[in-house]
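**Student:** Return atomic coordinates for the entry below.
(one chain, ligands or ions: 1)
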Amino acid sequence: MATNKIPTKIYLSEDELPKYWYNLRADMKEKHEPFLNPVTLKPCTAADLEPVFCKDLVEQELNQTDRYIEIPEGIREFYKAYRPSSLTRAYFLEKKLGTPAEIYYKFEGNNTSGSHKLNSAVAQVYYAKKEGLTSLTTETGAGQWGTALAMACAFYGLDLNVYMVKVSSQQKPYRKAVMQTYGANVIPSPSDTTEAGRKILAEHPDTGGSLGCAISEAIEVALHKDKCRYVLGSVLDHVLLHQSIIGLESKIAMDKYGIKPDIIIGCAGGGSNLGGLIAPFMADKINGKSDAKFIAVEPASCPSLTRGKFAYDFGDTGKTTPLMRMYTLGCEFMPSPSHAGGLRYHGMSPVLSKLYHDGYMEARAVEQTSIFKAATEFARCEGILPAPESAHAIRVAMDEAIKCRETGEKKVILFGLTGTGYFDMTSYMSYLDGKMTDYVPTDADLQKGFDALPDIPQNKNI
Ligand SMILES: *Cc1c(COP(=O)(O)O)cnc(C)c1O
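**Tutor:** Prediction:
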């Protein structure tokens, strides 16, 4: 391929922006197993989900057949304020690594939330407003989702309560201030404002919290408050649907230059950015039009794909969500206070779990000192200070490019650079001061989480 002709940034015009989200489930040969109502153990219906989520989102959640779903005009208008996100050829990184590989990254950090989360926040708040709701609740780990939602709520005029994982709220006070600037009410979780929070505090008074536990608190409030619903920033199918904008834009841009990625890499917390990035490329693979390799990268401290069980589990510590079959460490698993807050989740998107289980995708777990090494190298040559979460993808993209240097292969690598790390400087400092350590749970640690998986017939043979 005549690589010299490819510009450093591939731009899309407004006219080229996608008008539809792409629903990967429509192309999957086998769908993931249905969510189960935890009481009846029967597949969830719309009626089961509607007390918690908005109607349009429930419809999208359960829609496994429509390949394309139109992005409403009111959402596309907001998208135009910060999209398309840039697709960059990492010429400097390639040169530094001395690799024959071509490396591209899709950068989602170019909005105030500092991440891809805004793509789904805008959509979710738009539908909530359309339904006549007046407030929303949610959880946030690292703070990106809470910020994204605060931005969208400010735009569409809804109130917002954000339960923020306690360790993150301590590590990132400025994140909290940004959310408050957009008018959100931020509560460190576990808190004494909910029954779920009080229960966890009684059992683990010193816990730094977890996403699962913050989710329980947010859901509890949504269930008890009028015209209030809960919104979730990852894991669920409708969130992956909204995030398909990332992959669609990447594909349109790459197609303009005839670039076909051989390896597509993304970090995976709940799986939304990766699910969105890979969606149209995975369709080609499923339909036999491509042989690309897909790699999910997770922290070694919270290894749901690489060491978890493919089992039915709750999405939250308080055991209030439907049961989802996914790779999970068990909803009672309390991840160590690793610095990549956005990846500290016990489970994984059911769509990605299914693809991984069926052999369409690989997964790797990486340790945090090695991701900060990659982050620092990347920042120094490409100019962007990455979020620690994103650095997981950078690490593996670099590893793959280094492999190409050894074998002489000219692979085309695409990775998702999900966000910026300005609010993660405490972690960068701990790395730069040589104080950062790696934590990898033992099998015995993980077993405790597995022992607490729901004891239901569907989980008998896992
Ligand atoms: C939330 C977040 C992630 C992980 O979430 P996914 O749902 O797995 O995409 C990754 N990177 C950043 C910057 C985030 O904010």
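**Student:** How about the residue nearest the centre of the chain, nearest residue that isn't a chain neighbour?
**Tutor:** Nearest to the geometric centre of the chain sits S272, at 3.7 Å (Cα atoms, centre = their mean). Excluding the flanking residues, the one nearest S272 by Cβ to Cβ, 6 or more residues apart in numbering is S234, at 4.2 Å. Placement of C-beta: from N, CA and C, glycine included.
**Student:** how would you label that neighbour: helix, strand or coil?
**Tutor:** coil (DSSP: H, G, I helix; E, B strand; the rest coil).
**Student:** L201 is in what secondary structure piece?
**Tutor:** According to DSSP states H and E, L201 maps onto helix 195-203.
**Student:** Show me what that helix packs onto, helices and strands only.
**Tutor:** Here helix 195-203 touches helix 211-224, going by 3 or more Cβ pairs under 8 Å, 6 or more residues apart in numbering; DSSP states H and E.
**Student:** How about the helix it packs on and the ligand, touching?
**Tutor:** No - for helix 211-224 and the ligand, the contact criterion (Cβ under 6 Å from any ligand atom) is not met; the two come no nearer than 9.4 Å.
**Student:** can you pull the buried residues of that helix?
**Tutor:** 211-222 (16 or more other Cβ atoms under 10 Å).
**Student:** returning to what we had before: alpha carbons only: can I get the helix holding L201 in CSV?
**Tutor:** The C-alpha coordinates for helix 195-203 follow below in CSV (Å, rounded to 0.1, in the frame of the first residue of the first chain):
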residue,chain,number,x,y,z
GLU,A,195,-30.2,1.1,51.6
ALA,A,196,-27.8,-0.6,49.2
GLY,A,197,-25.0,1.8,50.2
ARG,A,198,-25.7,1.5,53.9
LYS,A,199,-25.6,-2.3,53.7
ILE,A,200,-22.2,-2.3,51.9
LEU,A,201,-20.8,0.2,54.3
ALA,A,202,-21.9,-2.0,57.3
GLU,A,203,-20.1,-5.0,55.7
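**Student:** could you give the angle of it to helix 211-224?
**Tutor:** 140 degrees (axes from the mean of the first three to the mean of the last three Cα atoms, to 10 degrees).
**Student:** on that earlier part again, quick check: the residue nearest to S272 touching G271?
**Tutor:** Yes - taking Cβ atoms under 8 Å as the definition, S234 is a contact partner of G271 at 6.5 Å.
**Student:** shared neighbours, the two?
**Tutor:** Common contact partners of S234 and G271 (Cβ atoms under 8 Å, 6 or more residues apart in numbering): S349.
**Student:** Show me which of those two is the more surrounded one.
**Tutor:** Between S234 and G271, counting by other Cβ atoms under 10 Å, G271 is the more crowded of the two (33 against 27).
**Student:** Skipping its backbone neighbours, what lies nearest the more buried one in space?
**Tutor:** S349 (3.1 Å).
**Student:** mind listing what that neighbour touches?
**Tutor:** By Cβ under 8 Å, 6+ apart, the neighbours of S349 are 234-237, 240, 268, 270-272, 275, 326.
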